[in-house]
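Participant: structure for the following, please:
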Amino acid sequence: MANSSPDKPNIRQVASIAGVSHMTVSRVLNDYPHIKEATRRRVLEVIEELDYRPNMAARALATQRSRRIGVLVESAVEFGPISTLRAVEFAARASGYAVSSIALRDGDEISPQEAVDNLTAQGVDALCVVSPRSSSIAALRRISIGVPMLVVKPEKDPLFLTVAVDQQAGTTLAVDHLVSLGHRDILHLAGPLDWLDARARERAFHTRAKAWGLRERAIVVGDWTGDFAYDFATGLRELPEYTAIFVANDDMAIGLVHGLHDRGFSVPDDLSVIGFDDIPLARHVLPPLTTVRQNFHALGVSVVDMLRAAIEEREIPQTTRIPAELMVRASSGPPRGGRA
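Facilitator: So this is what the prediction gives:
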């Protein structure tokens, strides 16, 4: 059924052809729950046939909603935060929402309060905070928001909606893989522990290492960068007693492998290395990096689904942890000399 009218189709034309009221069409567009599936399907078919595009400004006036989500990103230079932001933008666009975002970086003069004020001034319907630090969460607790807020962080929170990739499960996969290869002495190269994801991985590592009865060893705290890990590796005086290193992100893991190579050590023959994130480059470095994959697409969909439910006063989805996946590649192998 092609639209022969030179004018753009409107909601009343959709309603007339579908045999429903224009209010029913509006409810379908806004995903109201209590609509018969046959009616919803018929309306959507007519919308597609007419190539109808709702007037977003009119919809905002009618619903008193902007259909815009504000996103505060703790750092837009790290792979995890920027991947989460992109996933949220994609999922929001697919749901008829737009996204406004602000990134906080080290040295910025803008505070979390000012960032939130900037986003709420744009009339957002909800806020999402990506990859926060504990200091930012403390600041957000003191701010009166006025719209639903979701924080992408590993633990639940009494004040905010939360969802995250399951950091504990991902870390467990990494440690169990190394143990299955025979490793019993594993170093953890952590991210900055003010970052909630880094803290979650560090805690999960200690929990799983203790459960396996692995040697207790102090962690090394990095700064997420490959340069830090490279310097750490080249600074090793001799081959260490530990036989594997679990690294909190892929950037540091790749820098570590580079540094170990320049120091004259072989990966995985001398030391096994596992990262976290599965950045696109991870499968192309030499050796290809064993790492924990975070499903950012599923995370973005969950963020938008939860915020839409809160905005539209529907039941909040209960999925708050997205499964992680271990990508086994060539950077992990048995401990040197078969020593466990």
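
Participant: convert the C-alpha atoms of the helix or strand hosting Thr24 to CSV, please.
Facilitator: Assessed by DSSP states H and E, Thr24 sits inside helix 22-29. Taking Å, rounded to 0.1, in the frame of the first residue of the first chain, the C-alpha atoms of helix 22-29 are listed here in CSV:
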residue,chain,number,x,y,z
HIS,A,22,-5.5,8.2,16.8
MET,A,23,-5.0,7.7,20.5
THR,A,24,-4.4,4.0,19.9
VAL,A,25,-1.8,4.9,17.3
SER,A,26,-0.2,7.2,19.9
ARG,A,27,-0.1,4.5,22.5
VAL,A,28,1.5,2.1,20.1
LEU,A,29,4.2,4.7,19.3
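
Participant: chain center to the helix or strand following that helix, what's the gap?
Facilitator: The C-terminal neighbour of helix 22-29 among helices and strands, as given by DSSP H and E, is helix 37-50. Distance of helix 37-50 from the chain centroid (Cα atoms, centre = their mean, to the nearest Å) equals 33 Å.

Participant: go on, stretch 294-309?
Facilitator: Distance, centroid of stretch 294-309 to centroid of chain: 8 Å (Cα atoms, centre = their mean).

Participant: pull out the buried positions in that stretch.
Facilitator: 294-296, 298-309 (16 or more other Cβ atoms under 10 Å). The way it works is simple: take the backbone N, C-alpha and C, and place the C-beta from them, glycine included.

Participant: cool, stretch 15-29 as well?
Facilitator: The neighbour-count check on stretch 15-29 (16+ other Cβ under 10 Å) flags Ala15, Ile17, Ala18, Val20, Thr24, Val25, Ser26, Arg27, Val28, Leu29 as buried.

Participant: now, the most widely separated pair of these?
Facilitator: Within these, two members stand farthest from each other by Cβ to Cβ: Ile17 and Arg27, at 16.7 Å.

Participant: can you report how many residues lie near the closest residue to Pro335 other than its chain neighbours?
Facilitator: The shortest distance from Pro335 to any non-neighbouring residue, by Cβ to Cβ, 6 or more residues apart in numbering, is to Thr243 (3.9 Å). Other residues near Thr243 number 25, with proximity taken as other Cβ atoms under 10 Å.

Participant: go on, Arg208?
Facilitator: 21.

Participant: please identify which helix or strand holds it.
Facilitator: Per DSSP H and E: Arg208 is located in helix 196-212.

Participant: do His261 as well
Facilitator: Using DSSP H and E, His261 sits within helix 250-263.

Participant: after the worst-scoring helix or strand of the chain on mean pLDDT, next one along is what?
Facilitator: Here the helix or strand of the chain ranked lowest by mean pLDDT, DSSP states H and E is helix 56-63, holding a mean of 47. The helix or strand immediately downstream of helix 56-63 is strand 68-73, counting by DSSP H and E.
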